[in-house]
Every structure is written in structure tokens, then in C-alpha cells.
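> Here is a sequence with its predicted model. Questions after.
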Amino acid sequence: MPVPTTIDHQAGGYSLAHAYWMARVSDLAYKDEPTVAEQARGWGFDRVRHHRTEFAPPFPLQDTQAYTIASDRMIITAFRGTEPAQIRDWLSDTNTPPWPGPGRTGYVHYGFGEALESVFPAVKDTLAEFRTDGQTVWFTGHSLGGALAMLAGARMYLEEPRLRADGVYTYGQPRTCDRMLATAYNTGFKQRMYRFVNNNDVVPQLPPEPAYTHVDSLRYIDSGGRLRNTMTTFGSLTDRAKGMAADPLAPAADGIRDHSIHNYIAALEKNLA
């Protein structure tokens with residue numbers, strides 16, 4: 001399958017090509033606003049809205065950033081992520097109080113809840129404004145951005161059903177919520193949620209279980225770069241060991257390298273070729 005040259009605005013459901021482009025959209029969230037606007041126009045989106053909130057210390061993040069782009073067929077909101085070194089400590093802190101889940105369903109990690117709350121009203125209003133002709137709606141993000149994309153989808157589903165997303169694609173997403181919310185999400189987003197994990201990526205291994213868990217629909221990229229739609233626990237452990245052994249001089253660094261959004265994009269492009 002050749003790598004598509006741009007986003008298919010009529011895409012629906014899951015496809016590898018759409019996964020590749022949602023990863024590209026997630027990567028764009030790390031760029032400055034003029035770059036986002038210029039690239040969005042190049043991809044055929046004529047409306048762009050930026051969302052940003054800055055935080056004061058001692059909150060561990062400096063800000064939350066996202067953008068929404070729209071055409072006459074498709075709307076995408078992409079949330080910016082952050083580097084592993086900036087989130088590992090507070091994701092590992094088991095003393096952090098939980099944040100009530102969307103629609104009072106379960107709970108989420110406090111940092112994710114507060115970060116999303118800071119931009120969600122603007123995102124929701126933008127979607128209501130831009131969705132003038134029944135366009136499909138997609139959320140995407142890498143790292144922290146993946147957690148926020150998943151939670152934005154949950155909030156729309158549980159609080160604003162008319163704006164439920166047609167799909168959510170995340171890359172290197174951390175564990176985000178408890179089992180109650182994950183169960184509700186898995187029901188509402190069956191065949192709508194696609195969570196990509198690249199081999200030893202350290203961020204999806206945090207926060208610690210059992211307080212927090214992942215939603216379903218895993219798409220696993222193995223140590224050889226092959227995309228797998230299913231993976232047993234034993235197979236995953238074996239493959240992760242293989243990935244670490246690939247660099248015997250610095251095996252621990254594999255989890256940081258695997259987290260890079262550029263490595264996700266490269267792996268998806270390889271699988272398309």
C-alpha cells in the first residue's frame with residue numbers, strides 16, 4: 001500500500017493510512033501556531049483554532065496546548081504531548097489525588113483531569129461552531145496529548161453525546177483512568193478507539209497499576225517495527241526484552257527512544273510500504 005500524500009477527509013473507522021496521518025497531525029501539535037496554520041491549509045483544512053492555557057507552579061506542566069482544524073468533511077482536534085522526563089515523576093506519584101471522571105464515571109489521574117479542564121470548554125465550543133454540516137470528528141495526540149485526546153473523547157461521549165467523536169487515535173498514551181471509566185469508554189468507543197504503543201515506550205507503562213489502567217484497542221509496534229493488532233502478555237514481554245537487547249550498551253534508553261512520535265510515524269510508514 002503506497003503512503004498517501006495527504007489526509008483523506010472522507011475517512012471513517014480504522015485504517016493504517018488514517019493512523020499514519022493522525023500521527024502526523026499529533027506531531028504537528030508540537031509546532032508553533034503559524035506552522036500549524038500553514039500545514040493545515042496544505043492538508044485542505046480551511047479553519048484553524050488554537051487552544052492554550054498556562055499553569056502556575058507548583059503544577060508540573062507549564063501549559064496545555066491543542067489545535068482544531070476543520071474542512072467541509074472532517075474536524076480534528078490534536079493535543080500536544082510532552083517529553084518523558086517532564087511527566088515521569090508525577091505519573092509515578094501514587095499519592096496524587098484522583099480527578100472525577102467524565103459524567104461522574106470513575107476517576108482519572110489528577111494531572112490529566114486538570115490539564116484537559118483548562119482547554120475543554122474552548123474545544124467543545126469550537127467543535128459545536130465548526131461542525132456545521134455533519135463532519136466527522138477525530139481526537140488525536142501523542143504522550144500526554146494521547147491521554148487528553150482519550151479523555152476529551154470520553155467527555156464528549158458521556159457529557160455531550162451529540163458531539164461524540166467518530167474516532168480517537170493515540171500514540172504512546174499513558175494509563176489514564178480507573179477500570180470503571182475504562183469499561184464505559186470501551187463500550188462507547190468500540191471500533192472508535194485506537195491506542196498505539198511502540199515496543200518499550202516508557203510512558204504507556206505509567207502511572208502504576210492497579211490504580212490506573214488502559215482502555216482497549218491496542219495496536220502494538222513490535223521490536224522489528226511490525227504493527228500487530230493483537231499481542232499476548234507473554235508475547236509482549238518477550239518482544240520487549242528483545243527490544244532492550246537491541247542496544248546492550250544502553251538498554252534502559254530504549255523506552256525513551258521508543259516514545260518519540262517520529263519513531264511512531266516511521267513505523268507506520270514502514271507498515272504502509
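Done, it's in.
> Can you show me the helices along the chain?
For the chain, helices defined by DSSP state H occupy the ranges 16-28, 33-42, 84-92, 110-130, 144-159, 179-188, 233-245, 254-257, 261-272.
> averaging pLDDT over each of those helices, which comes out lowest?
The minimum mean pLDDT among the helices of the chain belongs to helix 233-245 (a mean of 54).
> do you know which of the helices of the chain lies nearest residue 206?
Comparison of those against residue 206 by CB to CB identifies helix 84-92 as nearest, at 4.0 Å. (Glycine included, C-beta is placed from N, CA and C.)
> bridging residues for residue 221?
Beta bridges link residue 221 to residue 198, residue 227, judged by DSSP bridges.
> What residues does it make contact with?
Listed by CB atoms under 8 Å, 6 or more residues apart in numbering, the contact partners of residue 221 are 196-199, 227-228, 264, 267.
> Looking at it now. What's its pLDDT?
95.
> now the one 4 residues further on
According to the per-residue confidence, residue 225 scores 91 in pLDDT.
> what do you get for the one 3 residues further on?
pLDDT, residue 228: 91.
> Could you find the closest non-adjacent residue to it?
Closest residue in space to residue 228, ignoring its immediate chain neighbours: residue 220 at 4.8 Å, by CB to CB, 6 or more residues apart in numbering.
> isn't the one you found right up against residue 227?
Yes - using CB atoms under 8 Å, residue 220 is in contact with residue 227, at 7.4 Å.
> wait, isn't residue 39 in contact with residue 27?
No - with contact defined as CB under 8 Å, residue 39 does not reach residue 27; the gap is 10.0 Å.
> ok, back up a step: rebuild the helices of the chain as TSV, extending it with mean neighbour count and distance to residue 165.
Below are those laid out as TSV (neighbours: other CB atoms under 10 Å; distance: least, CB to CB, whole Å):
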stretch	mean neighbour count	distance to residue 165
helix 16-28	22	12
helix 33-42	14	18
helix 84-92	16	24
helix 110-130	19	9
helix 144-159	26	5
helix 179-188	18	10
helix 233-245	14	27
helix 254-257	19	29
helix 261-272	18	20
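> How about the contacts made by the residue nearest to residue 11 when sequence neighbours are not counted?
The shortest distance from residue 11 to any non-neighbouring residue, by CB to CB, 6+ apart, is to residue 18 (4.6 Å). Applying CB under 8 Å, 6+ apart to residue 18 gives the contacts 7-8, 11, 167, 169.
> Select from those residues the one having the most neighbours.
Highest neighbour count within the contacts of residue 18: residue 169, with 31 neighbours (other CB atoms under 10 Å).
> For residue 258, see how far away the nearest residue to that residue once chain neighbours are set aside is.
Leaving aside its sequence neighbours, residue 169 sits nearest to residue 22 (CB to CB, 6+ apart; 3.8 Å). Counting by CB to CB, to the nearest Å, the gap from residue 22 to residue 258 is 18 Å.
> What confidence value was assigned to the nearest residue in space to residue 81 that is not next to it in sequence?
Leaving aside its chain neighbours, residue 81 sits nearest to residue 143 (3.0 Å; criterion: CB to CB, 6+ apart). Listed pLDDT for residue 143 reads 94.
> isn't residue 143 right up against residue 174?
Yes - at 7.5 Å, residue 143 and residue 174 qualify as touching, with contact defined as CB under 8 Å.
> Now list the buried members of the contacts of residue 221.
Using 16 or more other CB atoms under 10 Å as the burial test, those include 196-199, 227, 264, 267 as buried.
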